[in-house]
Every structure is written in structure tokens, then in C-alpha cells.
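Q: Need a 3D model of the sequence below.
(chains A, B, C and D)
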Number of protein chains: 2
Amino acid sequence: MSLVNLKVIRKTPCELCPLRPLPHFREFTPDELEFVSHFKKSEVSVEAGQIILMEGAQSAHLFTVLAGWGFRYKMLEDGRRQILNYVMPGDLIGLQGSLTGEMQHSIEALSPVTLCVFEKKELSTLYRGYPDLAFDLTWIAAREERMLDENLLSIGRRSALERAAYLLAMLAQRASVLDLFRSGRCVIPITQQHLADTLGLSIVHTNKTLRKLSDKGMIRWAERSCEILDQRGLEDIAGWKGVGEGKRPFI
Amino acid sequence: MSLVNLKVIRKTPCELCPLRPLPHFREFTPDELEFVSHFKKSEVSVEAGQIILMEGAQSAHLFTVLAGWGFRYKMLEDGRRQILNYVMPGDLIGLQGSLTGEMQHSIEALSPVTLCVFEKKELSTLYRGYPDLAFDLTWIAAREERMLDENLLSIGRRSALERAAYLLAMLAQRASVLDLFRSGRCVIPITQQHLADTLGLSIVHTNKTLRKLSDKGMIRWAERSCEILDQRGLEDIAGWKGVGEGKRPFI
DNA sequence: CGGAAAATTGATAATTGTCAATCGTCGTGG
DNA sequence: CCACGACGATTGACAATTATCAATTTTCCG
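A: Numbers count the residues shown, from 1 in each chain, chains lettered A, B, ... in the order given. Here you go, the predicted model:
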């Protein structure tokens, strides 16, 4: 079981979900909202550094991130790690494992994370009774696919500097539509080791690459996290124009 | 419109689908089979080298590959190309574009390809009336996600030799469960430029890397395609044990 | 005030890319 | 039938990028 280190806490009613009011997410019908409210079984919190889902596990649950940052990754037998994508509030995790039986990747918390807990076995109820939500689930899977396509393009064909710029710009953009930067400062809770394992670079070369971005005044490191000072500049280096996602479903 | 160069040909009835009898695919109920039969509007064929779907297009259709090989890719503005994945019989293409409105990647035929044509706007009928098929669609999207995860791990963390071995072993495995190698010989219709653009390597280095695999007697180039002679050997080099997929849905 | 984890740096090595040819195959037109 | 051109495969020399090694230094946290 993969929930060993999770702490169950009280459940925020879906009607009061802090994410739903964001203009970024699609509206629910009252009917859907009620279903999801029942679909959500509880809420758990995880500390930074803990593993939320482990490759090979057969979890009975899936989760939506309510708060905090995490990352999905895979490892080779000799320990090399590749971070596949990051998860942040509104992201559904564990769907892949729920469908195909066994998790093919692991997920770890980057910061303290709060999760809504759903039961895998109730998915069939969702598919039978709520076709719009079922559609949303496919949409969500397709969105993840699109992000992976972008990452693959980046790792396969961009230089180290372009890659780093793309990654940071993308993270900043995803976070900003979630209104995650209340402080006005755009801070990503990540270490250089995480970035290296995402970019497919060594830690040393990652450091030297980030140094170039620092020298240009585009980012700054502090408190084991990265502050984005010039998102537009990063996008220019990457040759990437942020995706103007309209509304997006979530569960 | 993206169907400019497609040739419409007669429609093979789904009841006589040559793929369905394969042990690799899940069974349909008679009800589902009838729906899919109506869902399928026609059949088109595409020549090798032609583009099936273009990034940015808003296709009204989605397709299932009935025969032939193709590949999904993205390009940077300066022409650098990254192949994201390959498509082969049984694969659904265009789903991502159908959901999010616009294709985010292109798809090109590697060999002559035959496609079943479906209409995007009838997806809602599917979701409302056939929850099991809706579930399958999500499953299919999750499967693509899983393959991308593997590719990302490979490009990010494996050496050139390991990467090439992984890619060829993976393609051979996917093709073999489709019974694509009737001749007894496992031949992949691909050029070294395609492999290079998949592996994130230059064409020259790809050539030198493949040379090492040839020298070991694991592969052989002939007629602009790659014959796999020692699939197990490739898997060993890659440190990858083929996924033992059980039955898999398709539409 | 430690001690551990993260960030940084310089030197050197390994990997991979670029350039510039050459060769082979195959289809086409003379 | 052969010359020709296009495309793909191949090769060697050299350059650029990235990795590895081996410290330090800094920051964080108890």
C-alpha cells in the first residue's frame, strides 16, 4: 500500500473548493457537483519529500491535488531518474494506474501537499452516470499527453539553455493561472537536482546553465527554490509562446 | 482542411475488421460493435510520406489506423523536429485534437496507411450511450501517456546506444503483438533520419550508434528499413523488459 | 554550533554534433 | 541500355556540448 505516510485530515466540501472559483476551471452543474462531492472520500496531507504513489503499486485511489507541488518520475535500475512532469493544484493523479492496474511511475511531494481522495472502483459509476465528467477525464489525460509532447520536444531538440528556459517558463505559466503567486513573487519550490533530472542534464551542467539565466537577471535562487523574474525573457530564449489554455475541466 | 491528399476507399465492415480477431485486443459486445460500425464513416488511404494530420489543424475527424505505420511529431520554428511516438494498426489518432480543439502535433505516414474515419461530433453520443467505450477512450489516452513516459525516460537518461536499443526493441515488440511480421522477419519501415529525430540525436551520431548494433548482429539495414535480428539482445542493452500488456481496448 | 543538503566552481574527460565528402541504391528520362 | 539526380547511408576529422571528478562554499535546520 502506498498511503503509509499520509495523514488523513478533515474534508473540505467540494462546494467550498478553493480551486473551483478560479476562472481557469470549468463550471460544474449542480448535479455534477453533488456527485463529485460524494466521489470525494476524504482528504490527506503529505509532507515535502514523501512519496505519494509508487511505481508498481496497485492503488485503490486516485487523487486531485488541492494544494502544493509534486512531481512524477521514473527510474532506471541503476538509479538514474527522469522527472516526467510536475503536478500542482487541480491536477488529477493516479488515473493511469487506475486504468491499467498498476502505477508505471512514482509521484513525490515537492512541498507539503493536500490531496482529495477518490476511489478507483467508483469510476465506473462516473462513466455510467456522468458522461460529461467522463469526457473530462479523457480530456485531462489528453492534456497530460500534450504536456509530455512538449517536454519530449524540449529534451530531444532544445539546447541546455533553451530547455531550462522552457521548463521554468512553463512552470511559471502553469502556476500563475492557478493564482499561486499571491505574494506577487513567482517562486517555484524546486532544487537544482530536480531541474537536472527533468532536463536530462547532469547537476553540474544544470547549475552552470542556470547561472547563465541568473546572470541575465531572469531568475534567482533563494531558500531552495527558484524565483522567476522575467518570464517573458525565458519564453524568448526557449522560443516558446505560452499556451493560452482557455477553461479547463477538473474533478 | 487536412484531408487533401487522402483517397477515400470502400469501407471494411467492422464486423470483418482484420484487427479485432487478434488476441491482443479486447472483445466488443454486439451492441458496441454495432455502434462502432455506425461510428465509422469511411476508410481512407494515405501514401508514405504524406501528412495525415497537421499541427494547428482543426480536424472534424479522428482515425484508427487499420494498416501501415506512421509517426507523431512536433517541430521548433527553426526546423528542428522531434518524433514523439509511432502509430501502427489499432492506434487511435487525432483524439487529442478532438478534445482540445486544435492539433498540437502532426502525424505523417511512414508507409502506405489505411485509416478508419470517425466524426468528432459523434463523440458525445459515444460518451452518453456507451460508457464502456468512453472508458476505453480514456484508457487509450492513458496508454499513450505511458508510452510517452517511457520515451521521456529514455531520451532524458539513457545513453545513445541504450536509447537506440530501447526504441528498436519497443517498436519490434509493439509490432509483434500485432502479428505484423508474417514473413517471419521483423522489419521496421523507417530511415535513420526518423530514428535520429526520435532519439534526439544527430543523424551522423545515430548512424554510428546503429553501426554498433549492426556489428553486434542485432539489427540489419536493408531497403530503407531496419530488420531486428535479436530483440532480446536489444532489450538487454536498454535494460528494459518489454511490457507484457494484456488485452487492450481499441475502437 | 554542528551537520547535512544544496549550490558552486575549475579541471578534465566523454559524449555528441557539425562539416564535408563519398558511396550505394533506385527510379526516371534520354 | 546508360546517364543522371535524389535520397539515404557511411565515414573521418574536428568542434561544441555535456558529464564526471573533486573540492569548496553556502544555506538550512535542529
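Q: which residues touch A:Leu148?
A: Residues near A:Leu148 by Cβ atoms under 8 Å, 6 or more residues apart in numbering or on different chains: A:84-85, B:145, B:148-149, B:152. From N, CA and C alone the C-beta is placed, and that goes for glycine too.
Q: Who wins on neighbours among the residues you listed?
A: The residue in those with the most neighbours, by other Cβ atoms under 10 Å in any protein chain shown, is B:Leu152 (28 neighbours).
Q: tell me the average confidence for stretch A:121-130?
A: Mean per-residue pLDDT for stretch A:121-130: 96.
Q: scratch that, stretch A:52-67
A: The model assigns stretch A:52-67 a mean pLDDT of 95.
Q: Can you measure across that stretch, start residue to end residue?
A: 14 Å (Cα to Cα, to the nearest Å).
Q: Arrange the contacts of A:Leu148 in a markdown table, one row each, with distance to B:Arg163 as further columns.
A: Conversion of these to a markdown table gives the following (distance: Cβ to Cβ, whole Å):
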| residue | distance to B:Arg163 |
| --- | --- |
| A:Leu84 | 16 |
| A:Asn85 | 20 |
| B:Glu145 | 20 |
| B:Leu148 | 15 |
| B:Asp149 | 15 |
| B:Leu152 | 11 |
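Q: where's A:Ala141, which helix or strand?
A: In the assignment (DSSP states H and E), A:Ala141 maps to helix A:131-157.
Q: so, in contact with chain B or not, the helix or strand that contains A:Leu210?
A: Element membership for A:Leu210, per DSSP H and E: helix A:203-215. No. Counting by Cβ under 8 Å from any Cβ of the partner chain, no contacts exist between helix A:203-215 and chain B, the nearest distance being 12.3 Å.
Q: Angles on the backbone of A:Val187, please.
A: phi -120, psi 130 (degrees, to the nearest 10).
Q: What distance do you get for it to B:Arg224?
A: 51 Å (Cβ to Cβ, to the nearest Å).
Q: More neighbours: which of these two?
A: Using other Cβ under 10 Å as the criterion, A:Val187 and B:Arg224 rank with A:Val187 on top: 17 against 10.
Q: My guess is that one contacts A:Glu227. True?
A: Yes. Counting by Cβ atoms under 8 Å, A:Glu227 is a contact partner of A:Val187 at 4.9 Å.
Q: what about A:Val117, distance to DNA strand C?
A: 28 Å (Cβ to the nearest atom of the strand, to the nearest Å).
Q: go on, A:Lys41?
A: A:Lys41 sits 32 Å away from DNA strand C, going by Cβ to the nearest atom of the strand.
Q: excluding its backbone neighbours, what's nearest that residue?
A: Distances taken as Cβ to Cβ, 6 or more residues apart in numbering or on different chains put A:Val117 closest to A:Lys41, at 4.9 Å, once the chain neighbours are dropped.
Q: The one you found should be in a helix, yeah?
A: No. Counting by DSSP: H, G, I helix; E, B strand; the rest coil, A:Val117 is not part of a helix but strand.
Q: Report the residue spans of chain A with pLDDT below the cut-off.
A: A:1-8 (pLDDT under 70).
Q: again, only using 80
A: For chain A, the stretches flagged by pLDDT under 80 are A:1-11, A:182-183, A:243-245.
Q: Could you break it into its assigned domains?
A: Recorded structural domains for chain A (assignment: automatic domain parsing) are A:7-133, A:158-238.
Q: how far does the longest one sit from the chain's center?
A: In other words, domain A:7-133. 10 Å (Cα atoms, centre = their mean, to the nearest Å).
Q: wait, does that domain contact DNA strand D?
A: No. For domain A:7-133, no contact with DNA strand D is found by Cβ under 7 Å from any atom of the strand; the gap never falls below 8.7 Å.
Q: And the last one, by the same measure?
A: Yes. Domain A:158-238 lies in contact with DNA strand D when judged by Cβ under 7 Å from any atom of the strand; the contacting residues are A:159-161, A:200-206, A:222-224.
Q: Make CSV out of those and add distance to B:Leu178.
A: Output for those, formatted as CSV (distance: Cβ to Cβ, whole Å):
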residue, distance to B:Leu178
A:Ser159, 37
A:Ala160, 38
A:Leu161, 41
A:Gly200, 30
A:Leu201, 36
A:Ser202, 39
A:Ile203, 41
A:Val204, 44
A:His205, 40
A:Thr206, 40
A:Ala222, 53
A:Glu223, 52
A:Arg224, 48
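Q: Greatest separation within the residues you listed: which pair is it?
A: A:Ser159 and A:Glu223 (28.4 Å; Cβ to Cβ).
Q: which of the contacts of A:Leu148 lies closest to B:Glu55?
A: B:Leu148 (16.5 Å).
Q: Mind giving me the packing neighbours of the stretch of helix or strand A:Arg220 belongs to?
A: In this structure, A:Arg220 sits in strand A:219-222 according to DSSP H and E. Applying 3 or more Cβ pairs under 8 Å, 6 or more residues apart in numbering or on different chains; DSSP states H and E, one finds that strand A:219-222 contacts helix A:203-215, strand A:225-228.
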